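Colleague: Got a sequence here, can you model it:
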Amino acid sequence: MEPINTVEGRAYPLGVKNVDTDMIIAAKWLKGITRAGLGQGAFEALRAEPGNVFDDPTYKGSPILIAGDNFGCGSSREHAAWALIDMGVRVVIAPSFSDIFSGNAFKNGILTVALPQDAIDRLMEVAKTDPIHIDLESQTVTTPFQDRFTFEVDPFRKTCLLGGLDEIGLTLARTDSIGAFEQARADDQPWLAPALV
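Modeller: Coordinates of the predicted model:
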């Protein structure tokens, strides 16, 4: 997983409340065997509407999505996070998130930033004309207009996102400790060691 320290760029000013995982990626896209290409199915129903924010060239490739309250509600499909990553989104800013979506986002390297509605309203305005800057280390969202919003993040999640550590990466970071444990166990309890043929 790619580490996140700072993310800067234009943001999709979506602002819609109760965006569920089916809106993020419809069920028909769940049949594939790879994550690649899911971005083209992201927000398919919204993209069918003329003048939608996702097909506006102004926001093409934006690494930030600003949404309304209760983002990611609905089913627990991890494909929603995969679709966002595939379309280039690294940070979602909203007043609140579904717990399951927030967990899936974290495990796939997406930072979820919860801010009060007045901060969301301000960022929606800024997103129409200017970039937004997110600094995970200092836990701040800033704009070129001196706006500065602080956000909370679980310390464990912060460490993982800064280091680009998913569950496999966390395990591999302890390779030496795991090897030492396995060797000590084999020395102390050789009958548990697998038999070699």
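Colleague: quick one: the most centrally placed residue in the chain and residue 98, what's the gap?
Modeller: Taking CA atoms, centre = their mean, the centroid of the chain lies closest to residue 110, which sits 1.7 Å from it. From residue 110 over to residue 98 the distance is 13 Å, taken as CB to CB, to the nearest Å. (Each C-beta comes from the backbone N, C-alpha and C, glycine too.)
Colleague: what stretches of this structure score poorly on pLDDT?
Modeller: 195-197 (pLDDT under 70).
Colleague: just checking, what's the longest helix in it?
Modeller: Ranked by number of residues, the top helix in the chain under DSSP state H is helix 175-188.
Colleague: Now do the helices for this protein: every range, in order, please.
Modeller: Along the chain, counting by DSSP H, helices occupy 21-24, 44-47, 79-86, 99-107, 117-127, 155-163, 167-172, 175-188.
Colleague: Of these, give the one that comes closest to residue 31.
Modeller: helix 79-86 (10.2 Å; CB to CB).
Colleague: and the closest one, how far out from the chain's middle?
Modeller: Its chain's C-alpha centre and that of helix 79-86 lie 8 Å apart, by CA atoms, centre = their mean, to the nearest Å.
Colleague: by how many degrees do it and helix 99-107 diverge?
Modeller: Counting by axes from the mean of the first three to the mean of the last three CA atoms, to 10 degrees, helix 79-86 lies at 40 degrees to helix 99-107.
Colleague: So which other helices or strands are in contact with helix 79-86?
Modeller: When contacts are defined as 3 or more CB pairs under 8 Å, 6 or more residues apart in numbering; DSSP states H and E, helix 79-86 packs onto helix 21-24, helix 99-107.
Colleague: tally of neighbours for residue 45?
Modeller: The tally of other residues near residue 45 (other CB atoms under 10 Å) stands at 11.
Colleague: so what's it up against?
Modeller: Residue 45 is in contact with 23, 26, counting by CB atoms under 8 Å, 6 or more residues apart in numbering.
Colleague: What's the separation between it and residue 29?
Modeller: Look at residue 45 and residue 29: by CB to CB, they are 12 Å apart.
Colleague: Likewise for residue 84?
Modeller: Between residue 84 and residue 29 the computed distance is 13 Å (CB to CB).
Colleague: So which of these two has more stuff around it?
Modeller: Comparing residue 84 with residue 29 by neighbour count (other CB under 10 Å), the higher total belongs to residue 84, at 26 against 18.
Colleague: what's the distance between the residue nearest to the more buried one when sequence neighbours are not counted and residue 181?
Modeller: In space, and not counting its chain neighbours, residue 84 is closest to residue 110: 6.0 Å by CB to CB, 6 or more residues apart in numbering. Counting by CB to CB, the gap from residue 110 to residue 181 is 33 Å.
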